[in-house]
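> Build me a structure from this.
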Amino acid sequence: MRLGSLVLITLLLTCGCGFHLRTFDLTSTVSSAYVTSNTRNFLTEPLRTSLRQVGVNEASSAGEAELVVQLVEQRRERRSVSVTGAALAAEYELTLGVRFSVFNVSDGQQNVLIEPRWAQITRLYRIDPNNLVGSSEEQALLEREMVADLVAQVIRALNAVSRETGIAS
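The predicted model follows:
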């Protein structure tokens, strides 16, 4: 009985304070988007997938899109930050970054909404010399999480610029 009361009180307090999970509501301001890159960028497909998941239609060309996200440049770096007594790498620092810009096309003109800027994320991970397969799996998992974080950064920028400029048609 006490546990039920405690859970109910916690739920009421949480709802009463205005707490809600962070979501991206681009559909109210952006109907379609197009993602383009000059090279094979590691963020292109995850960004397209995430935009579809938040309800933004994928345009077939830049001219048909309300927003165009151009992935200009990418950065993927790995460097050792510490070594063991046997002079083997013990920790690595992994950095992923993407330089992107956002614009829309109206009346045949490109209106730049976000000048080219970097979204970047850095993480550290340890190497287990007794389990190299596990360490490589950990690195792959970490990279997937970092890509998801970069996608979230780009979508937050799109959300902010779409609300700020009121580009909804």
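> Give the rounded mean pLDDT of stretch 63-74.
Averaged across stretch 63-74, the pLDDT comes to 92.
> and if you look at stretch 96-115?
Taken as a whole, stretch 96-115 has a mean pLDDT of 87.
> Arg48 versus the closest residue to Asn38 other than its chain neighbours, what's the distance?
Leaving aside its chain neighbours, Asn38 sits nearest to Val72 (6.7 Å; criterion: CB to CB, 6 or more residues apart in numbering). Just so you know, the C-beta spots here come from the backbone N, C-alpha and C atoms, and that holds for glycine as well. Distance, Val72 to Arg48, using CB to CB, to the nearest Å: 16 Å.
> on that earlier part again, surely the residue nearest to Asn38 meets Ser101?
Yes - using CB atoms under 8 Å, Val72 is in contact with Ser101, at 6.2 Å.
> what about Ser50, neighbour count?
18 (other CB atoms under 10 Å).
> Pretty sure it sits against Val151.
Yes - with contact defined as CB under 8 Å, Ser50 counts as touching Val151 (4.9 Å).
> hey, where'd the strands end up in the chain?
Taking DSSP state E, the strands of the chain run over residues 32-37, 57-58, 67-83, 89-106, 109-126.
> Tell me which of these is the most buried.
Neighbour counts (mean count of other CB atoms under 10 Å) averaged over each of these peak at strand 32-37, with a mean of 20.
> Now do it: which elements does it pack against?
For strand 32-37, the packing partners by 3 or more CB pairs under 8 Å, 6 or more residues apart in numbering; DSSP states H and E come out as helix 44-53, strand 57-58, strand 67-83.
> Okay, now the sheet partners of that strand, with direction.
strand 57-58 (parallel), strand 67-83 (parallel) (DSSP bridges).
> where are the low-confidence patches of this protein?
Scanning the chain with the threshold set as pLDDT under 70 gives 15-28, 107-108, 166-169.
> on contacts alone, who are the packing partners of the longest helix anywhere in it?
Assignment by DSSP state H gives helix 132-165 as the longest helix of the chain. The contact analysis (3+ CB pairs under 8 Å, 6+ apart) places helix 132-165 against helix 44-53, strand 67-83, strand 89-106, strand 109-126.
> what distance separates the second one from the centre of its chain?
Spelled out, that is strand 67-83. Distance, stretch centre to chain centre, for strand 67-83: 12 Å (CA atoms, centre = their mean, to the nearest Å).
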